[in-house]
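Peer 1: quick one: sequence and predicted model below, then my questions.
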Amino acid sequence: MNTKFKTVSSSNISISQLMLPSHTNFSGKIHGGFILSLLDQIAFACASKFSGNYCVTASVDTVNFLRPIEVGELVTMKAKVNYVGKSSMIIGIRVEAENIQTGVVNHCNSSYFTMVAKDENGNKALVPGLILSNVEEVRRFQNCLKQIALKKQSDAQKNSIDFGSIESIMSSNLYNVKLDLK
């Protein structure tokens, strides 16, 4: 175990960016892929700042798009470390969009990225322990423990559940699928 500890607040990072027409999808809203790219950047910055190492994205655990983001809004992303393992960290990110003319701010997205610290040789590196300083930080840490347990349970179930033969799937009325094998 690492004997160095850091506070959650030492990982805090935020970025803001004005949403431009070049960031839109075909419906005129900000493209989700553009937001995902920004999320990955801030997760990297947060994890690297906390760990003092280069970090890679191990998984994108949750991305909840709560409302669309409009052209001309100022998007602010706030990230912090919610959980640490030996070399991994779960980064929580909150995305808010502000209408800069009215000042109205809306919560648009919540995301959780698992990042892994790497040393100069590309091997996993130990990360500092996490000091939880208030009830909210404890709640976020506990939620990560639940998330990890659910992921492990889901992985175990994928390996043990028999989803049936192709014939049983095709004869069922439960699925909207048509078999057309060549």
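Peer 2: All right, it came through fine. Bear in mind the structure is a predicted one, so any value in this text is a computation, not a measurement. Numbering: from 1, shown residues only.
Peer 1: residue 113 should be in a helix, yeah?
Peer 2: No: counting by DSSP: H, G, I helix; E, B strand; the rest coil, residue 113 falls outside a helix, being strand.
Peer 1: report pLDDT for the residue positioned nearest the centre of the chain.
Peer 2: In the chain, the residue lying closest to the centroid (CA atoms, centre = their mean) is residue 112, at 2.5 Å. Looking at residue 112, its pLDDT is 97.
Peer 1: with residue 40 instead?
Peer 2: Per-residue pLDDT puts residue 40 at 98.
Peer 1: could you list every residue that touches it?
Peer 2: 57, 60, 113 (CB atoms under 8 Å, 6 or more residues apart in numbering). All C-beta spots, glycine's among them, are computed from the backbone N, C-alpha and C.
Peer 1: likewise residue 13?
Peer 2: 42, 45, 46, 49, 78, 79, 80.
Peer 1: derive a ChimeraX selection command for the buried subset of the residues you listed.
Peer 2: For the buried members of those, the matching ChimeraX selection, counting by 16 or more other CB atoms under 10 Å, is:
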select :42,45,46,49,78,79,80
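Peer 1: let me know the closest of the contacts of residue 13 to residue 146.
Peer 2: Closest to residue 146 out of these is residue 80 (17.9 Å), distances taken as CB to CB.
Peer 1: which element, helix or strand, includes the closest one?
Peer 2: strand 73-84 (DSSP states H and E).
Peer 1: tell me the first helix or strand C-terminal of that strand.
Peer 2: strand 88-99.
Peer 1: against which helices or strands is that next one packed?
Peer 2: In this structure, strand 88-99 makes packing contacts with helix 32-51, strand 54-65, strand 73-84, strand 105-118, helix 135-160, judged by 3 or more CB pairs under 8 Å, 6 or more residues apart in numbering; DSSP states H and E.
Peer 1: and it, what's its mean pLDDT?
Peer 2: 98.
Peer 1: below-threshold pLDDT in this protein: ranges please.
Peer 2: Within the chain, the stretches with pLDDT under 70 are 1-2, 159-164, 170, 179.
Peer 1: mind redoing it with 90?
Peer 2: 1-3, 62, 151-182 (pLDDT under 90).
Peer 1: circling back to that earlier point, report the strands that pair with the strand holding residue 80, each with its relative direction.
Peer 2: When pairs are called by DSSP bridges, strand 73-84 turns out to pair with strand 13-18 (antiparallel), strand 88-99 (antiparallel).
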